[in-house]
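>>> I need the structure of the sequence given here:
(chains A and B)
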Amino acid sequence: MAGLHKSEFENPVVNWIDTRMPIFTMMQKEYGSFPTPKNFNYFWNFGALAMISLAIMIATGIFLAMNYTAHTTLAFDSVERIMRDVNYGWLLRYVHANGASMFFIVVYIHIFRALYYGSYKAPRELLFMLGVVILLLMMATAFMGYVLPWGQMSYWGATVITNLFSAIPIVGESIVTWLWGGFSVDNPTLNRFYSLHYLMPFMITGVVFLHIVALHITGSNNPLGIDVKTPQDTLPFHPYYTAKDSIGICVYLLVFAGLVFFAPNFLNHPDNYIPANPLVTPAHIVPEWYFLPYYAILRSVPNKLGGVILMFSSIAVLFFLPWLDTSPVRSSRFRPIYKQLILVMVASFLVLGYVGGKPPEGIYVVLGRVATAYWFLHFLVLLPILGKLEKPLPLPESIARPVVRRPPPGGGGGPLPQGATAKPMEKS
Amino acid sequence: MADTASATVRSAITTVGVDDPTKRDLLKLVTGSAVVIGVGAIAWPFIDSMSPAKDVLALSSIEVDLAPIQEGQAITAVWRGKPIFLRNRSAQEIKEAEGTPLNQLIDPQSDADRVKPGKEKWLVVIGICTHLGCVPLGNKTSDPRGDFGGWFCPCHGSQYDTSGRVRHGPAPSNLGLPPYAFIGDTKIKIG
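Got it, this is the predicted structure:
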């Protein structure tokens, strides 16, 4: 079905382009008039913030690549040259390094939002799974990026993480040799990590595009977790949510700038300012903070293969979350027990992060095991059972009802009677 | 109570006059300007990171000892990644360079303007053809030097005289002169 688009734009140049390739109409539809639930809270800023983070990382990364040398004898010095000699090189590198942390903070909050308000439930399962794919790609990208400065933490991080694959029975050792391109982490490893570190952000961009396509088919979830029913439930994306997102972006940039300009190495490890030495492992080796929870899960199992399997499972379980959670109610606001459990789950994630940064001994091992146990208990046992046992609170009739408060003719406000605003959601 | 508060805000907005179109234009202008300034401030570090870095600028001066260069010989030094021709001209070559009438030149410039006073035998030029950037032949005595005894560019046939001035196209101008100064009788600092 070929044919010119009937464009409604008045500007002749825009109209000419839009007639032949209706990208302006598409942008207007998807980001201008796009009907968006009117009751978003600030948790709904974090998707836009993640997009901004990705853009910042790609922009700074491209300019850093202009001055970086991917060779074991030159990499460390080329990074120091960026810091000392390249104009604003210090700024580009600190923005890129702290940008990775900001990206993970934003994405973790974005995921929390999805879990708290049930954004993973039908019909948004695929949207959520694409998000988990993005998280995995981000983790691979961040890991390889951390190897590039070729400091002690880079080298030993690369050694430890690639050695995870040696836990695979029979073929493990061969796989690790293949990953390294040699018999230890060395120049071939650094070169391929650089190549892949440059590639993967564009793969992320592609999956983000799919994530947004899926989002714009299902429409956004909202804090009440109920479906949009009438146009009264929505607002056009622009200017309402472009404005709201802009406020979030300002706060995000304030925090980001605070890190970059006042504590640029706060989240870094001093050991990574020592050039890589394949003969000496640093006394206390830990991954970047955003990997600490998974690291804690890995260490909580006293078995090599078991630890690796459990660590990968802790994320893989998210792919099955839409079907593990059997409750038809999305938002935690109407799930009194789940509302408590998700906070316990967040606490277990934070405990794992804390334990991951501590030496694997004494109380930390116990804490790590308890938190790991809860993580899996939560997703694999509690969520499937809870959907059957929990009695959800009555759901509002529509998004518009609890938001628009029409003053009665008498003048005084006050809430409407319970029965008028709420009725239980039908099981779908 | 919330209703009363929002009603107060609404009436306040109306009295300030946000609905006033000229006010709206001003707001748009101010916001737009702030955006442009912000984007510029963010773009500048990226753009400037591509300019020569401090270590590159640190390489911008070299010292060359001229003593080993015999009369009639030339050497090539490297300054900022470019070849610099340093030639010890013979009396005959100096005479030819000084004696050339300016009206015969494509890019008229007297020989005196191309050497340091009292050091006429030393010619220091950037060894890059002004046509499209090739390195002309002529530094070795076995090289072709063209019809004017200077340099001959093998790429497109430009010819330079013993003062490094272009005498035969397609090059449009004379070989460039690097900034340099004598820091001893036979020692110069380029850059």
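
>>> which secondary structure element contains the residue in chain B that chain A sits nearest to?
Nearest residue of chain B to chain A: B:Pro45, at 3.6 Å (CB to the nearest CB). Every C-beta, even on glycine, is put in place using the N, C-alpha and C of the backbone. Element membership for B:Pro45 (DSSP states H and E) is helix B:21-48.

>>> next one: B:Gly150
Counting by DSSP H and E, B:Gly150 is part of strand B:149-152.

>>> buried stuff in that strand?
Under the neighbour-count criterion of 16 or more other CB atoms under 10 Å in any protein chain shown, strand B:149-152 has B:Gly149, B:Gly150, B:Trp151, B:Phe152 buried.

>>> who in the stretch 151-300 of chain A is up against chain B?
Within the stretch 151-300 of chain A, no position lies close to chain B (CB under 8 Å from any CB of the partner chain).

>>> what about the strands in the stretch 151-300 of chain A?
Assigned by DSSP state E, counting those that start in this stretch, the stretch 151-300 of chain A shows strands spanning A:234-236.

>>> please apply the same query to chain B.
Shown for chain B, the strands assigned by DSSP state E span residues B:62-65, B:74-79, B:82-88, B:122-126, B:149-152, B:159-161, B:166-168, B:180-184, B:187-190.

>>> buried residues in the longest one?
By neighbour count, and taking 16+ other CB under 10 Å as the criterion, the buried residues in strand B:82-88 are B:Ile84, B:Phe85, B:Leu86, B:Arg87, B:Asn88.

>>> could you do the second one as well?
Within strand B:74-79, the residues that count as buried by 16+ other CB under 10 Å are B:Ala74, B:Ile75, B:Ala77, B:Trp79.

>>> so where's chain A uncertain?
A:1, A:402-428 (pLDDT under 70).

>>> the domain parsing of chain B - what is it?
Split into domains by automatic domain parsing, chain B comes to B:2-49, B:57-190.

>>> ok, back up a step: out of the strands of chain B, flag the one nearest B:Gln104.
strand B:166-168 (7.9 Å; CB to CB).

>>> so what strands line up beside the closest one?
Strand B:166-168 sits in its sheet next to strand B:159-161 (antiparallel), going by DSSP bridges.

>>> what average pLDDT does the strand it pairs with get?
For strand B:159-161, mean pLDDT is 89.

>>> point me to the residue of chain A nearest chain B.
Closest residue of chain A to chain B, CB to the nearest CB: A:Tyr88 (3.6 Å).

>>> ok, now which ones touch B:Thr76?
By CB atoms under 8 Å, 6 or more residues apart in numbering or on different chains, B:Thr76 lies in contact with B:Pro83, B:Ile84, B:Phe85, B:Leu86, B:Gly127, B:Asn139.

>>> pLDDT at the residue nearest to the last one when sequence neighbours are not counted, what is it?
The shortest distance from B:Asn139 to any residue other than its chain neighbours is 4.4 Å, reached at B:Ala74 (CB to CB, 6 or more residues apart in numbering or on different chains). Turning to B:Ala74, the model gives it a pLDDT of 86.

>>> now do the contacts for A:Phe202.
Residues near A:Phe202 by CB under 8 Å, 6+ apart: A:Ile58.

>>> again but with B:Gln104, I slipped
B:Arg167.

>>> now it: how far from B:Arg167?
To B:Arg167, B:Gln104 is 8 Å away according to CB to CB, to the nearest Å.

>>> now A:Leu343
Distance from A:Leu343 to B:Arg167, by CB to CB: 86 Å.

>>> tell me which of those two has more neighbours.
B:Arg167 (21 against 12; other CB atoms under 10 Å in any protein chain shown).

>>> if we can go back for a sec, same list, the domains of chain B, but as TSV with distance to A:Asp18 please.
Listed next are these as TSV, based on distance: least, CB to CB, whole Å:
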stretch	distance to A:Asp18
domain B:2-49	23
domain B:57-190	43
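
>>> what's the nearest residue to A:Asn268 if we skip its chain neighbours?
Nearest residue to A:Asn268, sequence neighbours excluded (CB to CB, 6+ apart): A:Ala97, at 6.6 Å.

>>> Three-state assignment for the one you found, please.
Here A:Ala97 is helix, with the state taken from DSSP: H, G, I helix; E, B strand; the rest coil.

>>> many thanks, have a good one.
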